[in-house]
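In: I need the structure of the sequence given here:
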Amino acid sequence: MQEWNAPKPRHLHLLEAALSTQSSVEHQIKVWAPLPSQGWKHCPQEPKSASSKPKGSNGYIQVFLDGGLNQQKMGICDAVAVAKILNATLVLPHLEVNPVWQDSSSFEDIFDVDHFLEVLRNEVSIVKELPSEFSWSSREYYATGIRPTRIKTAPVHAPAEWYLENVLPIMQSYGVAAISPFSHRLTFDNLPESIQRLRCKVNFQALAFVPHIRELGETLVNRLRNPPIRIQNAETDSQEGTNDLDRQGAGKFVVLHLRFDKDMAAHSACDFGGGKAEKLALAKYRQVIWQGRVLKSQFTDEELRVQGRCPLTPEEIGLLLAALGFNNSTRLYLASHKVYGGEARISTLSRLFPLLEDKKSLTSAEERAKVEGKASLLAAVDYYVSMQSDIFISASPGNMHNALVCHRAYMNLKTIRPSMTLLSKLFLNKSMQWSEFQHAVLEGHKNRQGQIKLRKEKQSIYTYPAPDCMCQA
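Out: Below you'll find the model as predicted:
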């Protein structure tokens with residue numbers, strides 16, 4: 001039995017209105033306009049002669065990083081910072097096999113190692129591998145028993161003092177210390193400015209993707225900006241208003257990060273319109289993966305939606321984009337791993353945005369050969385394209401969303417952050433007309449388009465780059 005029924009549009013009255021409504025040229029100019037300067041800039045680089053890397057080293061530090069691409073990126077930034085705090089030599093971080101995507105890509109498979117070492121050579125001592133006398137300190141070694149050189153008890157968001165008190169003595173005694181788990185194990189607060197700036201330098205400068213990922217990303221960007229010329233008939237050409245609208249978005253594109261895989265759909269405990277079969281399939285998946293530990297499953301679908309805790313469906317994100325002023329001439333790049341429900345799930349989005357593209361539609365199997373089937377490399381390609389886009393929007397919060405919100409804020413690029421609570425309430429109102437829906441969407445997202453928000457205490461430096469990573473102009 002199929003585990004879901006092809007979902008019908010859940011907001012048909014809004015969809016029909018969106019399909020028949022044409023946005024004005026004035027609206028198009030506004031939606032594509034880049035962000036003005038916000039009074040923040042990149043901080044000036046220290047002169048190379050002012051090297052801050054101390055002489056000598058207290059030993060070698062290893063970290064083992066789990067999670068997906070963006071969680072691992074955060075871990076790498078923290079690992080460099082911890083090495084600096086300890087005056088240690090960092091061994092190139094080991095990336096664990098992702099349990100969800102089953103990707104065994106290594107640091108060297110994803111990131112340009114030579115660039116990484118060059119950018120950080122005046123900051124921290126980093127080696128590609130341990131010297132022969134420490135070759136015993138491996139992932140396999142720590143997987144087979146309790147080892148005195150492994151630190152398993154690093155608290156989440158540990159302060160610098162914890163590392164000096166608990167890791168430094170082990171490193172000085174044995175010459176090496178290995179920290180696992182390490183994700184989210186360094187505080188965001190009460191650290192010297194130099195350590196925070198170092199994390200920013202790793203994140204925005206040192207972590208460049210390997211050349212073949214950048215090349216594939218550039219190919220995608222070029223094909224999005226320079227699509228094949230569409231053959232138009234004389235009647236279409238004579239429609240001056242339509243051409244004016246098209247011109248506003250010419251050579252531009254939007255990236256939509258649509259994380260709507262089975263993992264997220266199940267964990268959300270929301271109803272996505274796939275009928276009884278889908279509800280049962282997702283409940284079974286929750287039980288197998290999380291053994292009933294998904295607390296959200298205690299709430300009804302409406303309760304979760306009122307709280308803004310349901311990811312937007314492809315249909316809902318399409319209606320949001322249409323309400324914001326994007327139209328059927330908008331080139332939309334879909335950055336996603338795998339959409340639960342396949343083509344049927346995104347059919348409504350495709351109706352609203354027929355120029356919907358992804359990696360497969362824009363490139364050949366031969367061009368994708370080096371990244372196919374490797375979730376981290378595919379995510380890296382999407383990250384690269386997202387950073388080159390005119391506008392980025394994500395359908396649900398998560399590490400990819402946060403990483404790109406941060407990086408694009410650092411570069412002052414337009415990034416739309418959907419208001420989940422507002423949209424949930426709007427979509428629950430089945431009598432709302434399109435004009436009222438569009439007005440509410442525009443009003444609710446005026447200040448959610450990339451405006452700099454200063455990081456507050458306990459908030460992540462990998463979501464809010466100011467003031468730690470930026471200087472006031």
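In: who does the lengthiest helix in the chain touch, helix- and strand-wise?
Out: When the chain is parsed with DSSP state H, its longest helix is helix 69-86. When contacts are defined as 3 or more CB pairs under 8 Å, 6 or more residues apart in numbering; DSSP states H and E, helix 69-86 sits against strand 60-65, strand 89-91, strand 125-127, helix 160-166, helix 193-201, helix 375-388, helix 399-410. C-betas here are computed from N, CA, C, even on glycine.
In: now it: how far from the chain's centre is it?
Out: Relative to its parent chain, helix 69-86 has a centroid offset of 17 Å by CA atoms, centre = their mean, to the nearest Å.
In: Likewise for stretch 197-210?
Out: Chain-centre distance of stretch 197-210: 15 Å, with CA atoms, centre = their mean.
In: go on, stretch 80-99?
Out: That offset, for stretch 80-99, works out to 21 Å (CA atoms, centre = their mean).
In: same deal with stretch 297-305?
Out: On the basis of CA atoms, centre = their mean, stretch 297-305 sits 26 Å off its chain's mean C-alpha point.
In: ditto for stretch 213-229
Out: For stretch 213-229, the distance to the chain centre is 20 Å (CA atoms, centre = their mean).
In: Stretch 353-372 too?
Out: 19 Å.
In: Tell me the span between the first and last residue of that stretch.
Out: 26 Å (CA to CA, to the nearest Å).
In: List of residues touching it?
Out: 212-213, 216, 219-220, 223-224, 227, 318, 321, 326, 328-336, 346, 349-350, 377-378, 380-382 (CB atoms under 8 Å, 6 or more residues apart in numbering).
In: how about the helices in the stretch 151-300 of the chain?
Out: For the stretch 151-300 of the chain, the helices defined by DSSP state H, counting those that start in this stretch cover 160-166, 168-174, 193-201, 211-225, 234-237, 240-248, 262-268, 275-290.
In: Any idea which helix or strand in the chain has the lowest mean pLDDT?
Out: helix 234-237 (a mean of 42; mean pLDDT, DSSP states H and E).
In: got a list of what the residue positioned nearest the centre of the chain touches?
Out: Centre of the chain computed as the mean C-alpha position; nearest residue by CA atoms, centre = their mean is residue 400, 1.3 Å away. Residues in contact with residue 400 (CB under 8 Å, 6+ apart) are 68, 69, 70, 257, 259, 335, 379, 382, 383, 394.
In: Could you list everything the last one pairs with in the sheet?
Out: For residue 394, the beta-bridge assignment (DSSP bridges) gives partners residue 257.
In: Can you pull out the low-pLDDT segments for the stretch 1-150 of the chain?
Out: 1-6, 47-52 (pLDDT under 70).
In: what are the ranges of the helices in it?
Out: 12-20, 25-32, 69-86, 107-110, 113-120, 139-143.
In: Run through who's touching the first one.
Out: I take that to be helix 12-20. With CB under 8 Å, 6+ apart, helix 12-20 has contacts from 9, 315, 318-319, 322-323, 348, 351-352, 430, 432-434, 437.
In: Please repeat the previous calculation with a cut-off of 10 Å.
Out: 9, 11, 315-316, 318-319, 321-323, 327-328, 348, 351-352, 426-427, 430-435, 437-438 (CB atoms under 10 Å, 6 or more residues apart in numbering).
In: just to revisit the earlier point, just send the helices of the stretch 1-150 of the chain back as TSV, with distance to residue 290 and mean neighbour count too.
Out: Output for the helices of the stretch 1-150 of the chain, formatted as TSV (distance: least, CB to CB, whole Å; neighbours: other CB atoms under 10 Å):
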stretch	distance to residue 290	mean neighbour count
helix 12-20	33	16
helix 25-32	40	16
helix 69-86	18	24
helix 107-110	28	18
helix 113-120	35	16
helix 139-143	24	12
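In: out of those, nearest to residue 265?
Out: Residue 265 lies closest to helix 69-86 among these, at 19.9 Å (CB to CB).
In: tell me the angle of the closest one relative to strand 60-65?
Out: Put simply, helix 69-86 runs at 160 degrees to strand 60-65, going by axes from the mean of the first three to the mean of the last three CA atoms, to 10 degrees.
In: The stretch 301-450 of the chain: helices as residue ranges?
Out: 301-306, 314-324, 342-352, 359-362, 375-388, 399-410, 420-428, 434-444.
In: now the fifth one: mean pLDDT?
Out: For helix 375-388, mean pLDDT rounds to 96.
In: ok so, going back, quick check: which of the helices and strands packed on helix 69-86 is buried the most?
Out: Of all those, strand 60-65 has the most neighbours on average by mean count of other CB atoms under 10 Å, namely a mean of 24.
In: Now do residue 354 against residue 361, distance only.
Out: Distance, residue 354 to residue 361, using CB to CB, to the nearest Å: 12 Å.
In: repeat for residue 110
Out: When distance is defined by CB to CB, residue 110 is 24 Å away from residue 361.
In: Over to residue 113?
Out: Residue 113 is 32 Å from residue 361, by CB to CB.
In: again, but for residue 87
Out: Applying CB to CB to residue 87 and residue 361 gives a distance of 50 Å.
In: Compare neighbour counts for those two and give me the winner.
Out: Neighbours per residue, other CB atoms under 10 Å: of residue 87 and residue 361, the larger number sits with residue 87, 18 against 11.
In: which residues touch that one?
Out: Residue 87 touches 53, 54, 55, 56, 57, 58, 59, 124, 125, 164, 168, 171, counting by CB under 10 Å, 6+ apart.
In: The same query, at a cut-off of 8 Å, please.
Out: Contacts of residue 87 by CB under 8 Å, 6+ apart are 54, 56, 57, 58.
In: Put the buried members of those into a PyMOL selection.
Out: Selection of the buried residues among those in PyMOL, burial being defined by 16 or more other CB atoms under 10 Å:
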select buried, resi 57+58
